[in-house]
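# The sequence and its predicted three-dimensional model are supplied below.
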Amino acid sequence: MPTAGDGEVINRAIASNDGALAPSQTQPNDGEECGMSEWMLSTLLAIGFVSLGLAKVLAAPSMRRRAAGGGISPIGALELAGAAGILVGLVEPFIGVLAAAGSLLLLTGALFAHARHRDTLHEAAPAVLFSLVDAASLGLAAAGLR
């Protein structure tokens, strides 16, 4: 239970600090650490890009049927590289921004390919979902560089 003396201690602590917040509470993220949101989005993106990239590189039957013209191995390699870059970005934010931007360009191409083939929303859903998550991750990573 607080006593009258406790209030005095608190008042002296506030007065000695001039009511200012501690430096750790006022400084923006200097890129040395990432927030929980950025960590979660980056991990989700990396898991998604690794799974899709491996399916393309290893030419899983479902990917072969959808490709119908080849070109899935290089795209899969780019997805794997993007996943690695996004994870490295958790330690080196500038690399993360570059990887997220490159991955977003790759996903934009995927969205155009889905539209060109007149795919249903169900077929294009992974590209749409990963584009949104990637854009959010890119925004958080870029904000961390300020």
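Structure received.

# Show the subsequent helix or strand relative to the helix-or-strand element of the chain with minimal mean pLDDT.
In the chain, no helix or strand scores lower on mean pLDDT, DSSP states H and E than helix 23-26, which sits at a mean of 42. Toward the C-terminal end, the helix or strand that comes next after helix 23-26 (DSSP states H and E) is helix 36-57.

# For that next one, which residues meet the burial criterion?
Applying a neighbour-count criterion of 16 or more other C-beta atoms under 10 Å, one finds 38, 41-42, 44-46, 48-50, 52-53, 55-57 buried in helix 36-57. C-beta coordinates here come from the backbone N, C-alpha and C atoms, glycine included.

# would a markdown table of these with pLDDT and distance to Val97 be doable?
Compiled in a markdown table, these are given as follows (pLDDT from 0 to 100; distance: C-beta to C-beta, whole Å):
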| residue | pLDDT | distance to Val97 |
| --- | --- | --- |
| Glu38 | 81 | 11 |
| Leu41 | 85 | 13 |
| Ser42 | 87 | 11 |
| Leu44 | 89 | 17 |
| Leu45 | 89 | 13 |
| Ala46 | 92 | 15 |
| Gly48 | 90 | 18 |
| Phe49 | 90 | 16 |
| Val50 | 93 | 20 |
| Leu52 | 86 | 21 |
| Gly53 | 87 | 20 |
| Ala55 | 84 | 26 |
| Lys56 | 82 | 24 |
| Val57 | 82 | 25 |
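
# Helices of this structure, residue ranges please.
All helices of the chain, identified by DSSP state H, fall at 4-16, 23-26, 36-57, 61-67, 72-88, 93-116, 121-144.
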